[in-house]
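Enquirer: task: produce atomic coordinates for the following.
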Amino acid sequence: MLTSLKNPKIQQVRALLGRRAEREAAGLFVVEGVRLTEEALAGGWRARLVLAGAQLSGRGRKVAAGFAAQGAELIETADHVLAALTDTETSQGILAVIEHQPLPLNPQSTFILIADGLRDPGNLGTLLRTAAAAGVQAVLLAPGTTDAFAPKVLRAGMGAHFRLPIWAYDWEQIAAFCHQTLRPPLQIALTAAQNGVPLWQADLRAPLAVVVGGEAEGYSPPAAAVADLTLTIPMPGQSESLNAAVAAAIVLFEVVRQRMPA
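Expert: Sure, this is the predicted structure:
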């Protein structure tokens with residue numbers, strides 16, 4: 001049983017949990033808890049290392065065994081070590097170090113989401129969860145957006161990471177993908193607090209990429225430079241703007257509504 005916080009494997013897990021640069025350099029990220037590790041396994045993602053606590057549930061044991069059958073190193077780990085690694089109130093007794101192999105982009109996608117400078121992990125995770133629920137076919141992360149595979153984003157995403165293609169692109173790549181690679185090409189639609197086409201009046205049935213801007217600044221100048229239209233959610237109340245994840249949910253499900261068969 002692994003009992004020391006100074007063990008090199010524990011130090012690596014700590015580094016992956018705490019630093020984006022470490023995750024990107026290693027091509028690895030950490031998933032915690034029974035539900036998320038179960039989602040990763042079901043989605044076909046491969047684990048490099050699994051740490052399992054003595055009090056792990058039968059359901060969690062099944063997940064750990066599944067990863068071990070794929071070749072992951074499975075190590076029994078003391079509960080106090082797992083507790084030191086988690087920033088949740090109570091550890092669920094399982095951590096998995098997952099190989100980062102994003103799902104491929106579909107060149108025939110007609111509905112994608114672009115996160116433009118979202119810095120709040122909870123917002124980005126909720127955005128990904130909403131996108132998966134709405135049937136979005138890919139999420140592109142524009143410059144300035146927080147790491148989608150950080151622990152807080154993974155928790156808020158509730159498994160969406162393992163069902164969605166999620167790629168970090170610069171704006172030149174985003175414009176080329178939407179306007180040139182995809183067939184038919186996509187319109188890029190900004191969401192703005194004002195001065196756009198009212199959402200209920202816009203025709204969203206054509207192939208579309210929805211841009212959701214950052215929490216404070218909204219969409220960025222590079223986003224505006226490649227956009228084809230701007231959408232505004234009518235707000236008859238006194239608020240100036242909406243939370244980014246809430247705004248995204250309203251726009252995405254209006255697309256779903258318009259595209260439903262009559």
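
Enquirer: going forward, measure contacts and count neighbours with C-alpha atoms only.
Expert: OK.

Enquirer: show the residue spans covered by the helices in the stretch 51-200 of the chain.
Expert: Secondary structure of the stretch 51-200 of the chain, counting by DSSP state H, counting those that start in this stretch: helices at 58-69, 79-85, 121-134, 151-157, 171-176.

Enquirer: remind me, longest helix of this protein?
Expert: Longest helix in the chain by number of residues (criterion: DSSP state H): helix 244-259.

Enquirer: out of the helices of the stretch 51-200 of the chain, nearest to Ala216?
Expert: helix 121-134 (12.2 Å; C-alpha to C-alpha).

Enquirer: what comes up buried for the closest one?
Expert: Applying a neighbour-count criterion of 16 or more other C-alpha atoms under 10 Å, one finds 121-132, 134 buried in helix 121-134.

Enquirer: equivalent analysis for stretch 26-46, please.
Expert: Residues of stretch 26-46 classed as buried by neighbour count (16+ other C-alpha under 10 Å): 28-41, 45-46.

Enquirer: and what of stretch 16-26?
Expert: By neighbour count with 16+ other C-alpha under 10 Å, stretch 16-26 contains the buried residues 16-17, 20, 22-23.

Enquirer: stretch 142-154 too?
Expert: Buried, per 16+ other C-alpha under 10 Å, within stretch 142-154: 142-143, 145-154.

Enquirer: with just CA atoms, put it into PDB.
Expert: Provided in PDB are the C-alpha atoms of stretch 142-154 (Å, rounded to 0.1, in the frame of the first residue of the first chain):
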ATOM      1  CA  ALA A 142     -10.100  30.200 -28.000                       C
ATOM      2  CA  PRO A 143      -7.000  31.900 -26.500                       C
ATOM      3  CA  GLY A 144      -7.500  33.200 -22.900                       C
ATOM      4  CA  THR A 145      -9.800  30.300 -21.900                       C
ATOM      5  CA  THR A 146      -8.900  28.400 -18.800                       C
ATOM      6  CA  ASP A 147      -7.700  24.800 -19.100                       C
ATOM      7  CA  ALA A 148     -10.600  22.500 -19.800                       C
ATOM      8  CA  PHE A 149      -8.900  19.600 -18.000                       C
ATOM      9  CA  ALA A 150      -8.200  21.300 -14.700                       C
ATOM     10  CA  PRO A 151      -9.800  19.600 -11.700                       C
ATOM     11  CA  LYS A 152     -12.600  22.100 -11.100                       C
ATOM     12  CA  VAL A 153     -13.600  22.200 -14.800                       C
ATOM     13  CA  LEU A 154     -13.700  18.400 -14.900                       C
END
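
Enquirer: give me the residues contacting it.
Expert: Stretch 142-154 is contacted by residues 17, 20, 29-31, 114-126, 161, 168-171, 174 when judged by C-alpha atoms under 8 Å, 6 or more residues apart in numbering.

Enquirer: quickly list what Glu73 is bridged to.
Expert: Beta-bridge pairing for Glu73 (DSSP bridges): Leu49.

Enquirer: let me see the contact set for Ala225.
Expert: Contact analysis of Ala225 by C-alpha under 8 Å, 6+ apart lists nothing.

Enquirer: how about 10 Å then?
Expert: 171, 175 (C-alpha atoms under 10 Å, 6 or more residues apart in numbering).

Enquirer: list the buried residues in the lowest-mean-pLDDT helix or strand in the chain.
Expert: Lowest by mean pLDDT, DSSP states H and E among the helices and strands of the chain is helix 79-85, with a mean of 91. For helix 79-85, a neighbour-count test (16+ other C-alpha under 10 Å) marks 79, 81-83, 85 as buried.

Enquirer: any idea which of these is closest to Arg205?
Expert: Nearest to Arg205 among those: Leu85, at 45.6 Å, using C-alpha to C-alpha.
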